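Chemist: Mind folding the following:
(2 chains)
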Number of protein chains: 2
Amino acid sequence: MLSDGSISQAVYNAQTRLTAISSHLRISKPKVVVCRDLGPDVMPLLTKRDDIEVVLWTEDRVSDRQWLLENVKGAVGIVIVFSELVNAELLDAAGPNLKVVSTMSVGYEHIHVSELAKRNIRLGYTPDVLTDAVADISVMLALMAGRNANETMGIVREGLWPKFIWAPFSLCGPQLSTSGISPSRTVGFLGFGRISQATLARLIPFGVTDCIYSSNPNSSASSKKKRNEKLLEQHPQLKSVRAVDVDTLAQESDVLFVLVPGGPSTRHLINEEFLRKMKKHSVLVNAGRGTVVDSDALAKALREKWIWGAGIDVVEGEPDVGKDHPLVKEPRCNILPHIGSASFETRLAMATLAVDNCLAGIVGQDMPAELDVKAL
Amino acid sequence: MLSDGSISQAVYNAQTRLTAISSHLRISKPKVVVCRDLGPDVMPLLTKRDDIEVVLWTEDRVSDRQWLLENVKGAVGIVIVFSELVNAELLDAAGPNLKVVSTMSVGYEHIHVSELAKRNIRLGYTPDVLTDAVADISVMLALMAGRNANETMGIVREGLWPKFIWAPFSLCGPQLSTSGISPSRTVGFLGFGRISQATLARLIPFGVTDCIYSSNPNSSASSKKKRNEKLLEQHPQLKSVRAVDVDTLAQESDVLFVLVPGGPSTRHLINEEFLRKMKKHSVLVNAGRGTVVDSDALAKALREKWIWGAGIDVVEGEPDVGKDHPLVKEPRCNILPHIGSASFETRLAMATLAVDNCLAGIVGQDMPAELDVKAL
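Modeler: Numbers count the residues shown, from 1 in each chain, chains lettered A, B, ... in the order given. Reported below is the predicted structural model:
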């Protein structure tokens, strides 16, 4: 699936550089520890090189911590996923050779960034490449929440269709597309980065008329104005694009997309107070981070019909979300087990980027996607 | 929800005319039989008139046949849904006053059209108003089929998320949106009417590059050429729009939408032979009629992985689709219980149109949406 052409220039540059280092220092090959098998399309980018030694955790489960602590000794690079905790313990075990940690994820909650900064270790991550996959899931969840996918699929799955009594308005939900008798739709975004804007673009042909968002409070009024104007130019079908406060976002959104990063500053931004202000026929989509939404408040909102439905790809405390979780019990809650980026194309791009970041980082070159750990 | 302004002119015209007929003939008010309660927004269009007598089946289930045969006697109009069989028996019971049958549906499989033609009875139906609702469901099903919605929601529902072992490519599916390493997408349509074209429009921002379709074999090459050119003009992002034969449709579609009417001429067009020709990562969406797809063949295709997944809103023999149905047993088959038009906005528009058709039909005026029973 991956053509040679898509292997970045960085890989080739890195190869040359590494060979030079090895022969100059007359040392054993630099070691890269890879904590998950990245599959037959990506692993050869590492294993077919003769200038590095690859140590791979081959099992299809989270790498054993003891294994990792032992094998990381002397490594120049580590390729990880979100399940590997990168803390002082791990970095101390690695020792002074370590130049780069490369995570196959856009989030970095599992990484103690300040410990990397202290040691001058660089951090690679995989943003942007998952924008389209998550925007696709966001649109899917918006449609599913409005049109009662979980509830109606349940009728079929549980064998109730043969006995179902049809009525002119049975199983109805609010329509995402505008229509003659309902000619306007306002979509709201909590967080208005790349994924939100890619989601908005996908919703234009559904007849969405107005876009409101609440984003980084630090960005200036003039930069927001410029952005709004650009979006109106891009999507002439839109009547308005506005940066609004959180209250307005709650009150005016027909569909609200939660697409902000996690962390303490966004924790439970969607709480009971917010949900009580929403429209009765509105739906909530969370494809960002579980911590942003108070699960108990959302379950209550669905149970007491403050809002119509929800579509969520992330849940606070995941994956410890069992049958008894209050949201799992709500039929109007459509829940996916965090598959936002889970398309072959996107995971392949993420794995490739993680490898490219690692290879560039260990030779001190520009990484295709680096997080500035000193600025964080 | 329904403003006075949206009640069509036909209703007012009909009122005037009916009053004239009544006073001229000195008869009791013309009777309209309504086989389902059309809800508080639409029923007043009938019940608040003082020039007709409305006889309503008030229960929230299929109207009792005996009740219908008795009450239809002497009626000038009948408003039905798809569960009322309109045959010679019913029309004979109604007698010579009957001028119009108005169905709140786009399909008319439940109506013996030739019997209407024989008796000069007109037929109203509700096309067009459901285009957007069904296009929305079609996009939703395409996304769900690709991204394994049924399977992955099952993981959460069954309490398996806490124990789920993540891997870089677990739960992945083919991405609907194009991406850097996969820059083209061909969507195919079996049937290329309004709903197909509305579905295509919604897919443009996902990066769809090519559209192929197989439609009415009677339309000329020049009319198809004209249509293709018009679509390319409408959607400059598309590289190609082509009318193709059924083999090409099977072989080239990444997502195939089945959106043809039912009936003998389209029965099992999607069969084992067709499915075997499809791409391994392709998905099939059926939001048209269940009879078009051979259920056993589709179940086999999913079980043996000839195709990636399916999203279907209709199943042959519905609603008699129980737990043991071969498609219900396939985790890659996302099944909805025929809710394509089930949005409040659309059902309201359908019910209003059904009433408007009836009122116009009984006074011999132009109906907003009439099927020419003599031409069928």
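Chemist: Packing partners of whatever helix or strand A:Ala301 lives in?
Modeler: A:Ala301 is part of helix A:295-303, with elements assigned from DSSP states H and E. Applying 3 or more Cβ pairs under 8 Å, 6 or more residues apart in numbering or on different chains; DSSP states H and E, we find helix A:295-303 packed against helix A:272-276, strand A:309-312, strand A:333-335. To be clear about C-beta, it is placed using only N, CA and C from the backbone, and glycine gets the same treatment.
Chemist: quick one, strands of the stretch 151-300 of chain A?
Modeler: Using DSSP state E, counting those that start in this stretch, the strands of the stretch 151-300 of chain A run over A:186-190, A:210-214, A:240-243, A:255-258, A:283-286.
Chemist: elements contacting the third one?
Modeler: Meaning strand A:240-243. strand A:210-214, helix A:221-234.
Chemist: hey, least reliable of these by pLDDT?
Modeler: Averaged per stretch, pLDDT over the helices and strands packed on strand A:240-243 is lowest on helix A:221-234, reaching a mean of 94.
Chemist: Give me the distance from that one to the chain's centre.
Modeler: Relative to its chain's centre, helix A:221-234 lies at 25 Å (Cα atoms, centre = their mean, to the nearest Å).
Chemist: what is the mean pLDDT for the longest helix anywhere in chain A?
Modeler: Ordering each helix of chain A by length in residues (DSSP state H) puts helix A:344-362 first. In this model, helix A:344-362 carries a mean pLDDT of 97.
Chemist: domain ranges for chain A?
Modeler: Split into domains by automatic domain parsing, chain A comes to A:4-129+A:344-371, A:131-335.
Chemist: B:Pro217 is nearest to which of those domains?
Modeler: domain A:131-335 (28.9 Å; Cβ to Cβ).
Chemist: what about that closest one, start to end distance?
Modeler: Domain A:131-335 has an end-to-end distance of 20 Å (Cα to Cα, to the nearest Å).
Chemist: What of stretch A:43-51?
Modeler: Stretch A:43-51 has its terminal residues 15 Å apart, counting by Cα to Cα.
Chemist: got the buried residues for it?
Modeler: Judged by neighbour count (16 or more other Cβ atoms under 10 Å in any protein chain shown), stretch A:43-51 contains these buried residues: A:43, A:45-46, A:49, A:51.
Chemist: Centre of the chain to it, how far?
Modeler: Per Cα atoms, centre = their mean, the centroid offset for stretch A:43-51 relative to its chain is 28 Å.
Chemist: Go through stretch A:116-130 and flag the buried ones.
Modeler: A:116-117, A:119, A:121-130.
Chemist: quick check: mean pLDDT across it?
Modeler: The model assigns stretch A:116-130 a mean pLDDT of 97.
Chemist: do stretch A:235-248 as well
Modeler: Stretch A:235-248 comes out at a mean pLDDT of 97.
Chemist: likewise stretch A:48-67?
Modeler: Across stretch A:48-67, the average pLDDT comes to 95.
Chemist: Could you work out the end-to-end span of that stretch for me?
Modeler: End to end - Cα to Cα - stretch A:48-67 spans 23 Å.
Chemist: That one and chain B, any residue contact?
Modeler: Yes: applying Cβ under 8 Å from any Cβ of the partner chain, one finds stretch A:48-67 in contact with chain B at A:60-62.
Chemist: between the domains of chain A, which one is nearest to B:Leu302?
Modeler: Closest approach to B:Leu302 among the domains of chain A (Cβ to Cβ): domain A:131-335, 15.1 Å.
Chemist: roughly how far out does that closest one sit from the chain middle?
Modeler: How far domain A:131-335 lies from its chain's middle: 16 Å, per Cα atoms, centre = their mean.
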